[in-house]
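1. Pasting the sequence and the predicted coordinates here, then a few questions.
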Amino acid sequence: MNHRSTPAVGAALGLTLLLAACSTDPATPGAAATTDRPHGYVEGAREAREPQLRLLAVDPDGRTTIRDLLTGESSALDTVDAPTHAATDGRFLVTSDDDRTTITDGGAWTVDHGDHTHYYAAEPRVVGHVDRGGAVDVHSSETTTTLTWPDRSEAVALDRESLGQGEVEEVLRVEASVLLPFGDRFVVGADDTVTILDRGGRAVGDAVSCSEPAGGIVTRAGAVVGCSDGAVVVDEAGATTVPLPDGTTDRPTSFAARAGRPTVAGVAGNGGAWLLDAREHSWRHVASERPLRAVTAVDDADGHVVAVDDTGRVVVVATADPTSTSGRTATTDPLVTADGPALLQVDAQRAYVADPTTGSVHEIDFADDARVARTIALGHPVAAFAEVGR
């Protein structure tokens, strides 16, 4: 289903990523002569042997708490503006009202280098603000965090190391509905095109057509931008259009997946979900009994897809069997209110779904027929929610 690619963009990206990987790897010859820091060192953080998983939650008045999933301990952070929108990249939770956006550092994150992984923990804190409001998206690489306000067609890129040190340092500002970090480049969705920009905001290669760009995600296999008739995937080989099957009218407008995986999921209108394999450049539709409010791809050996339907049930579909049109499905009883936001997060072993009204967070073992492993009472309603450290 590969319909168009831009080789010049791919060559530039491939060289950029290769150089970036070599220059940041302390195992590179000569690195030991320039620094005494151990491989993976991050100032102000400690490295751990396992993911330092935490739940970060904000109530409707902006009171912010964090719960350590390993120890069960909770603590309060500074109060933020009352949130009406929220998004997370697995470390930072960004919340916004109509006027500005607040960035909170959950103090736990994972860095996946492909052949090995680093797990970090630091003190959680409210970092600062950006003077733009409305619905917001956030995406990060090791060096850069991007914030996009799609309804305003505005986006900024921030220095991630500075965010980790408690400072908001802007490195790029563009008019766009999608802005994704990719190596030391940026993937931009704006004006019915997808464009690659260098660090200084200059275009690299030719733009690729993408009508009504909306929804973006960075995967292990490339950066994905949703279009009205499919998606554009940008990887080391170039920018490739991946159209949805002919006659499709229920395009996904956002994507979600376990961090770093190549397959992502998006809600398919009132019927099921779309899976996009960013490596194979292919779509697959997954049917559902009820309309879905949120969906994410775990992309594990069993191909688990986790969703929340319009009744408040958690729905788990195992899609690994290519001969099955729908996959093996398991559901819970209704766990969350049937209206309002569907607050869903996943990691490699568990899914977490929060009930906005009660403040209960249900931990789901999706590999064990959607078993509710435990329920965590946060003690307050939830307006914004993130699992950090994954």
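-> Yes, it's here.

2. Residue 108 contacts residue 386, correct?
-> No: contact criterion C-beta atoms under 8 Å: residue 108 and residue 386 do not qualify, at 10.4 Å. For every residue, glycine as well, the C-beta is placed using N, CA and C.

3. Leaving out sequence neighbours, find the closest residue to residue 230.
-> In space, and not counting its chain neighbours, residue 230 is closest to residue 243: 3.9 Å by C-beta to C-beta, 6 or more residues apart in numbering.

4. can you pull the pLDDT of the one you found?
-> Turning to residue 243, the model gives it a pLDDT of 98.

5. start the count at 25, not 1, going forward
-> That works, and once the first residue is 25, the last one we named lands at residue 267.

6. That one: neighbour count?
-> 16 (other C-beta atoms under 10 Å).

7. Okay, and the beta partners of residue 291?
-> residue 297 (DSSP bridges).

8. Could you point out which residue ranges in the protein have low pLDDT?
-> Along the chain, the parts satisfying pLDDT under 70 run over 25-65, 346-351.

9. And it, what are its domain boundaries?
-> 25-53+71-238, 268-404 (automatic domain parsing).

10. Check whether residue 187 sits in a helix, strand or coil.
-> helix (DSSP: H, G, I helix; E, B strand; the rest coil).

11. which residues touch the residue nearest the centre of the chain?
-> The centroid of the chain falls nearest to residue 113 when counting by C-alpha atoms, centre = their mean (4.8 Å). Residues in contact with residue 113 (C-beta atoms under 8 Å, 6 or more residues apart in numbering) are 162, 163, 164, 169.

12. Against residue 241, how distant is it?
-> 10 Å (C-beta to C-beta, to the nearest Å).

13. Which neighbours do the two have in common?
-> residue 163.

14. Tell me which stretches of the stretch 25-174 of the chain form helices.
-> Taking DSSP state H, counting those that start in this stretch, the helices of the stretch 25-174 of the chain run over residues 31-47, 55-58.

15. circling back to that earlier point, can you name the residues bridging to the nearest residue to the residue nearest to the centre of the chain once chain neighbours are set aside?
-> Counting by C-beta to C-beta, 6+ apart, residue 113 lies nearest to residue 164, which is 4.3 Å off, once chain neighbours are set aside. Beta-bridge pairing of residue 164 under DSSP bridges involves residue 169.

16. Which of the contacts of residue 113 ranks first by neighbour count?
-> residue 169 (25 neighbours).

17. helices or strands up against the helix or strand encompassing residue 320?
-> Using DSSP states H and E, residue 320 maps to strand 316-321. On a contact count with 3 or more C-beta pairs under 8 Å, 6 or more residues apart in numbering; DSSP states H and E, strand 316-321 meets strand 287-291, strand 297-301, strand 328-333, strand 367-370.

18. quick one: contacts of the second one?
-> Defining contact as C-beta under 8 Å, 6+ apart, one finds that strand 297-301 is touched by 245, 248, 255, 257, 266, 268, 274-276, 279, 286-292, 306-310, 312, 316, 319, 321, 329, 331, 343.

19. Next one: the residue nearest to residue 113 from residue 282, what distance?
-> 15 Å.

20. Residue 408 and residue 402: what is the separation?
-> Taken as C-beta to C-beta, the span from residue 408 to residue 402 is 12 Å.

21. more crowded one of the two?
-> residue 408 (29 against 19).

22. which ones are touching the residue nearest to residue 361 when sequence neighbours are not counted?
-> Among residues not flanking residue 361 along the chain, residue 381 sits closest, at 5.2 Å (C-beta to C-beta, 6+ apart). Residues in contact with residue 381 (C-beta under 8 Å, 6+ apart) are 361, 364, 405.

23. pretty sure the first one contacts residue 336?
-> Yes: Residue 361 sits in contact with residue 336 when judged by C-beta under 8 Å, with a separation of 6.0 Å.

24. who has more neighbours, the two?
-> residue 336 (19 against 13).

25. what about the closest residue to that one other than its chain neighbours, distance to residue 352?
-> Residue nearest to residue 336 in three dimensions, not counting chain neighbours: residue 358, with 3.9 Å by C-beta to C-beta, 6+ apart. Separation of residue 358 from residue 352 (C-beta to C-beta) stands at 21 Å.

26. again, but for residue 140
-> Counting by C-beta to C-beta - residue 140 and residue 352 are separated by 33 Å.

27. What of residue 71?
-> Residue 71 is 38 Å from residue 352, by C-beta to C-beta.

28. ditto for residue 248
-> From residue 248 over to residue 352 (counting by C-beta to C-beta), the distance is 26 Å.

29. next one: residue 161
-> 32 Å.

30. Dump stretch 208-217 to PDB, restricted to CA.
-> What follows is stretch 208-217, C-alpha atoms only, in PDB (Å, rounded to 0.1, in the frame of the first residue of the first chain):
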ATOM      1  CA  ASP A 208      17.100  16.300  15.100                       C
ATOM      2  CA  ARG A 209      14.400  17.200  12.500                       C
ATOM      3  CA  PHE A 210      10.700  18.000  12.900                       C
ATOM      4  CA  VAL A 211       7.700  16.500  11.000                       C
ATOM      5  CA  VAL A 212       5.100  19.200  10.400                       C
ATOM      6  CA  GLY A 213       1.500  18.800   9.300                       C
ATOM      7  CA  ALA A 214       0.000  22.000   8.000                       C
ATOM      8  CA  ASP A 215      -1.700  23.500   4.900                       C
ATOM      9  CA  ASP A 216      -2.700  20.000   3.600                       C
ATOM     10  CA  THR A 217       0.900  18.900   3.500                       C
END
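
31. Now do the buried residues in it.
-> With burial defined by 16 or more other C-beta atoms under 10 Å, the residues of stretch 208-217 counted as buried are 208, 209, 210, 211, 212, 213, 214, 217.
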